[in-house]
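# Make a model of this:
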Amino acid sequence: MSASVSAAEVKRHKWWGWGLDDVAFNWRNKPGFAPLAAEKIGLDLRTMPDPVEPDLSQFEVPAGRLAAAQSEALRAIVGAENLRDDDEYRVVHSFGRSLPDLFRVRHGDFARLVDAVVYPADEEEIAAVLRLVLEQDLVLIPYGGGSCISGSVTPEADEQRPILSMNLGRLNRVLEIDDTAGLARVQAGLYGPDLEEQLNVLGWTMGHFPDSFNYSTVGGWAATRSSGMQSDKYGDIEQIVRGLRMVHPEGVAVTKAIPGRDAGPSVHEMILGSEGRLGIITECTVQVHRQAPVRQVIAYMYPDWEHGIRGMHAIARSEVKPTFTRLSDGPETRFSLALVKEPTSTKGKLAGKVQDGLFAYLRAKGWDTTEEMCISYVCFEGSKERVEREKGIVKKIVAANGGITLGAGPGAVYDQKKFDTPYLRDFLLNYQVFGDVCETGASWSKLNEVHAKVYEAYEAARERAGGPGFMFCHMSHSYHGGACLYFTFAFPYTSDETALQEYQDAKDAVQQTFVDLGSGVSHHHGVGIEHRPWMEQDITEVGARMVRGLFADNDPGRNLNPGKVLLP
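The predicted model follows:
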């Protein structure tokens, strides 16, 4: 892509789900999936008809509220082809990819849509659009890839003013690389794959790979405090973004790409995580690293969660510096095994027999290979010598904590499939099943308690609802003091009328447990509107007052993505 692309050429999700129209989850080539779905959530796929994809034409899309003169003024700024007000563009840009968003869009709940989508080409056009927004008292919502699952791009339902979505997809270039400093200036609308492609051709990588990598942008990562799968080595986005530019109602805010930060309270930190409430992030200066000559993901297995956490903690405190470390609990390990495709080649069938033999051996040793056994992945990067040395150290740590080494085969499969999970949520929605995630950061000393208490809270919520439910969890994003716990849950809802309340009851139970135990309201999914109810508990009433003051002073008319993070 170049900066001259038009709105029609910018990648976007299908209007009703995740990613591309021709990509979908296929359960039929995974023999373990249907039995697990039937056991855990009562979904008998073998008796279900194939779903029919939603058709936007079956719904009535309300007309936009943008006045003709306002539309004409916007076309004069960005060009006629870069202002879109057709139905599909408006629907796509009115919903992120949170579960409530997906449920509403699939049911044609279009009570409040954005009224037009504007695609600026540069900072000057962004500033001109923002001036018009303020002059005309419009609402402006920045839009990166639309992959957010916390409601960060969803307009307020009762907003009466015309609403613009600003898609930054035309700002899609790596502008400059400082080889000496290891810094790259990149435009905010760059999608993850395009960013890495432009860096890789020159031998660099940013190393930031969130689950949403294929459908999220640099600016979105910064605006929501994203964290990638490889944060153990490369850091969370606040460590990666060293400087940035943001178009503000009174000009352009610039933070310098220097070691440390400016004196006094950090303007840089104020902008990170602000979700469009302060302005439009246009450019980030990010840390980049030379691509490692060797990369290898090794799989390990532990007899249970407690042994696995001890192993993960020991790795985090060792001299080894992995790219990522991940531990799935027993339920997630079982789920992962249920996603394995049925082998068709001689080599695949042989590997299956080897796995069966291994599991039989582990059961003979007293392992519970169905409910308790936990798989782990550790990624090593660097020179051949470094990778081999660190693999040796980790192998000893795993063994000392009761685990075994499986090798590179399962790790390679995991690495290839790591961005596929979001398509499963679309698949489940076809069968009136909700599948969603909640994640938190907790200290090493609290991880096991948080893990256990969240399960208890979720199971109690499902018991109150009177229906089945399935939950699993993995540990990721290790730090010196703790790690991220990432919970996934699924359950069938009973009716369209009560579905979102059932979902909210389950989500509330999990999120409140996070806060009650002193862990974070979210580790890397942002705040938006989904996590907003817990913000005052999370940052205290005084902290919330400080943040509200920041937003109110910079945006007194509430024109910039109002309602996100905190209410007035």
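# from here on, contacts and neighbour counts on C-alpha atoms
Will do.
# Which parts of the stretch 401-550 of the chain are helices?
All helices of the stretch 401-550 of the chain, identified by DSSP state H, counting those that start in this stretch, fall at 408-417, 422-429, 447-465, 499-516, 535-554.
# Compare the ones you listed and give me the one nearest G228.
The closest of the helices of the stretch 401-550 of the chain to G228 is helix 408-417. By CA to CA, the value is 13.5 Å.
# Quick one: mean pLDDT over the closest one.
When pLDDT is averaged along helix 408-417, the result is 86.
# what does that helix rub up against?
296-299, 377 (CA atoms under 8 Å, 6 or more residues apart in numbering).
# go on, stretch 548-562?
133-134, 137-142, 153, 155-156, 249, 275-279, 566-568.
# before we move on, the earlier item: how about the helices of the stretch 401-550 of the chain, which one is nearest N401?
helix 447-465 (15.9 Å).
# Pull up the distance across stretch 275-291, start to finish.
31 Å (CA to CA, to the nearest Å).
# Let's test this: mean pLDDT of that stretch, rounded?
On average, stretch 275-291 scores 98.
# And stretch 205-216, by the same measure?
pLDDT averaged over stretch 205-216 gives 96.
# if we can go back for a sec, now go through the contacts of helix 408-417 and say which are in strands.
296-299, 377 (DSSP state E).
# how about those in a markdown table, adding pLDDT?
Putting these into a markdown table (pLDDT from 0 to 100) gives the following:
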| residue | pLDDT |
| --- | --- |
| Q296 | 96 |
| V297 | 96 |
| I298 | 97 |
| A299 | 96 |
| Y377 | 97 |
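# ok, V254 touching R242?
No: with contacts defined as CA atoms under 8 Å, V254 does not count as touching R242, sitting 11.1 Å away.
# So which of these two has more stuff around it?
Between V254 and R242, counted using other CA atoms under 10 Å, R242 has the larger neighbour count: 22 against 16.
# give me phi/psi at the more buried one?
Backbone geometry at R242, expressed as degrees, to the nearest 10, gives phi -100, psi -20.
# Next, count neighbours for the residue lying closest to it once chain neighbours are set aside.
Nearest non-adjacent residue to R242, counting by CA to CA, 6 or more residues apart in numbering: A257, 4.7 Å away. By the criterion of other CA under 10 Å, A257 has 20 neighbours.
# Contact partners for A257?
242-244, 285.
# hmm, which two among these are most spread apart?
R242 and L244 (7.1 Å).
# which residues are common contacts for these two?
Contacts common to R242 and L244, judged by CA under 8 Å, 6+ apart, are 256-257, 284-285.
# any chance of the contacts of A257 in a markdown table, plus distance to C484?
Formatted as a markdown table, these follow (distance: CA to CA, whole Å):
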| residue | distance to C484 |
| --- | --- |
| R242 | 23 |
| G243 | 26 |
| L244 | 26 |
| T285 | 26 |
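# A121: which of those residues is nearest?
Using CA to CA, the contacts of A257 come closest to A121 at L244, 17.6 Å.
# how about low-confidence regions in the stretch 101-250 of the chain?
Within the stretch 101-250 of the chain, no range satisfies pLDDT under 70.
# Much appreciated, bye for now.
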